[in-house]
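> return atomic coordinates for the entry below.
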Amino acid sequence: MTEYRLDGSGINGISDLYEQFNREFMRDEDWRMGASLDALNDILYRLDAESRDGEPVVVVWRDHSRSREVLGFDETQRWLLGKLAQPGTFNEARLMADLDALRAGKGKTYFEIVLEVFADHPLIDLRLQ
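Residues are numbered from 1 along each chain as shown. Down below sits the predicted model:
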């Protein structure tokens, strides 16, 4: 079994989250993934392959409740506004809809989006502690 450990107490924003993803998931690589949900998804596909090859993969996320708070409304809004500040780069209509939903209390936080990315990889055993 391969176990990866994330420490929620060391996460103070999205960049810290990706520092931990890189420390854990990119241990044997000579490159680092950027702070991108697409990049995370790609790396999790690699971990899926490890599981299919018979090596179960467990990701333990300690103090996830702190991460849920830190990656909540404020950080998500900052992330969406940062994307909107780059005209022509991202789907602005979708980002505005996501921002409006977030502000209305119906949108997903960055933490919830990350959990959805993990959920798309059922061979990876994500343990929230």
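
> relative to its centre, which residue of this protein is most distant?
Distance from the C-alpha centroid of the chain, by C-alpha atoms, centre = their mean, peaks at G54 (24.7 Å).

> SS state for that one?
Recorded secondary structure, G54: coil (DSSP: H, G, I helix; E, B strand; the rest coil).

> residues in contact with it?
Going by C-beta atoms under 8 Å, 6 or more residues apart in numbering, G54 touches no other residue. Heads up, the C-betas are built off the backbone N, CA and C, glycines and all.

> phi first, then psi, for it.
phi 100, psi 0 (degrees, to the nearest 10).

> V114 is in what secondary structure piece?
Using DSSP states H and E, the element containing V114 is helix 110-119.

> what packs against the next helix or strand after that helix?
Tracing the chain past helix 110-119, the next element assigned as helix or strand by DSSP H and E is strand 124-128. Using 3 or more C-beta pairs under 8 Å, 6 or more residues apart in numbering; DSSP states H and E, the elements in contact with strand 124-128 are helix 37-52, strand 57-62, helix 110-119.

> can you tell me the strand partners of strand 124-128 and which way each runs?
strand 57-62 (parallel) (DSSP bridges).

> what's next to the strand it pairs with, contact-wise?
1-9, 24, 47-48, 50-51, 67, 118, 123-129.

> in it, which residues are buried?
Residues of strand 57-62 classed as buried by neighbour count (16 or more other C-beta atoms under 10 Å): V57, V59, V60, W61, R62.

> what angle do strand 57-62 and the one helix or strand in the chain whose mean pLDDT sits lowest make with each other?
Within the chain, no helix or strand scores below helix 37-52, which has a mean of 94 by mean pLDDT, DSSP states H and E. Helix 37-52 runs at 130 degrees relative to strand 57-62, counting by axes from the mean of the first three to the mean of the last three C-alpha atoms, to 10 degrees.

> which strands and helices sit next to helix 37-52?
Going by 3+ C-beta pairs under 8 Å, 6+ apart, helix 37-52 lies up against helix 14-25, strand 57-62, helix 110-119, strand 124-128.

> tabulate the ones you listed (a markdown table), appending distance to T89.
A markdown table is the format used below for these (distance: least, C-beta to C-beta, whole Å):
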| stretch | distance to T89 |
| --- | --- |
| helix 14-25 | 17 |
| strand 57-62 | 30 |
| helix 110-119 | 18 |
| strand 124-128 | 30 |
